[in-house]
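sequence unknown, structure follows:
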């Protein structure tokens with residue numbers, strides 16, 4: 001990451017824990033991912049390296065989007081699409097559905113509580129899709145519709161939401177483990 005970047009990337013410890021959880025629920029080969037507030041792109045690169053077929057990344061800072069594009073090209077990740085846009089303005093215009101949606105907004109962003117509603121009201125998750133919201137300790141999403149669980153890794157909190165809970169015996173889509 002260039003030294004002048006102000007991003008707060010997900011810590012290596014938290015990122016590893018997140019992907020351990022996801023690996024138990026998803027076969028990454030074939031999944032479609034939406035990465036919101038992409039920052040340096042580290043989460044999107046992880047998905048690409050694990051075989052996700054499509055990763056749409058949205059970041060408002062032009063310097064970061066340029067960095068992500070160059071890095072994805074250098075790594076040969078052709079499945080990464082980067083959009084320089086405001087997440088709140090672009091989400092209502094998205095038409096695709098995603099197996100995994102990840103959002104890592106700035107912890108001091110006042111609109112964090114709006115994000116789960118924005119995701120589900122715009123029908124972005126696939127039937128058994130997950131939405132993971134990274135946030136600081138000041139938020140509690142346990143009362144929200146579709147909330148599944150909270151995972152804490154130091155100062156990093158992941159609230160996990162699901163559109164439709166899966167039966168442990170089902171094998172609905174190729175991208176899901178079951």
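Perfect, I can see it now. All values derive from a computational prediction rather than experimental measurement.

going forward, measure contacts between C-alpha atoms and count neighbours the same way
Fine.

Kindly list the longest strand within this protein.
strand 125-135 (DSSP state E).

which neighbours does that one have in its sheet, and in what orientation?
strand 98-103 (parallel), strand 156-162 (antiparallel) (DSSP bridges).

tell me the mean pLDDT over that strand?
In this model, strand 125-135 carries a mean pLDDT of 95.

So which residues make contact with it?
97-107, 116, 119, 156-166 (CA atoms under 8 Å, 6 or more residues apart in numbering).

Just name the most buried of the strands paired with strand 125-135.
Sort the strands paired with strand 125-135 by mean neighbour count, taking mean count of other CA atoms under 10 Å, and strand 98-103 sits at the top with a mean of 23.

how close does residue 69 sit to residue 80?
8 Å (CA to CA, to the nearest Å).

does residue 14 sit in a helix or strand, and which one?
helix 12-23 (DSSP states H and E).

Could you tell me which helix of the chain is the longest one?
helix 62-75 (DSSP state H).

Mind giving me the packing neighbours of that helix?
Helices and strands touching helix 62-75, by 3 or more CA pairs under 8 Å, 6 or more residues apart in numbering; DSSP states H and E, are strand 80-84.

Show me what the strand it packs on pairs with in its sheet, parallel or antiparallel.
In the sheet, strand 80-84 lines up against strand 54-59 (parallel) (DSSP bridges).

what is the mean pLDDT for the helix or strand that contains residue 46?
Using DSSP H and E, residue 46 sits within helix 42-49. Averaging pLDDT along helix 42-49 gives 95.

cool, stretch 96-104 as well?
Stretch 96-104 carries an average pLDDT of 97.

what sits against the residue nearest the centre of the chain?
Residue closest to the average C-alpha location in the chain (CA atoms, centre = their mean): residue 102, at 1.3 Å. Counting by CA under 8 Å, 6+ apart, residue 102 touches 33-36, 131-134.

returning to that earlier point: can you name the element that comes right after the longest strand of the chain?
Sequence-wise, the next helix or strand downstream of strand 125-135 (DSSP H and E) is strand 147-153.

Need the contact partners of that following strand.
For strand 147-153, contacts defined as CA under 8 Å, 6+ apart pick out 13-14, 17, 141-142, 157-162.

Could you rerun that using 6 Å?
14, 157-161 (CA atoms under 6 Å, 6 or more residues apart in numbering).

Could you dump those residues into a markdown table with pLDDT and distance to residue 29 added?
Formatted as a markdown table, the contacts of strand 147-153 follow (pLDDT from 0 to 100; distance: CA to CA, whole Å):
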| residue | pLDDT | distance to residue 29 |
| --- | --- | --- |
| 14 | 80 | 22 |
| 157 | 93 | 26 |
| 158 | 95 | 23 |
| 159 | 97 | 24 |
| 160 | 96 | 21 |
| 161 | 96 | 21 |
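
Lovely, talk soon.
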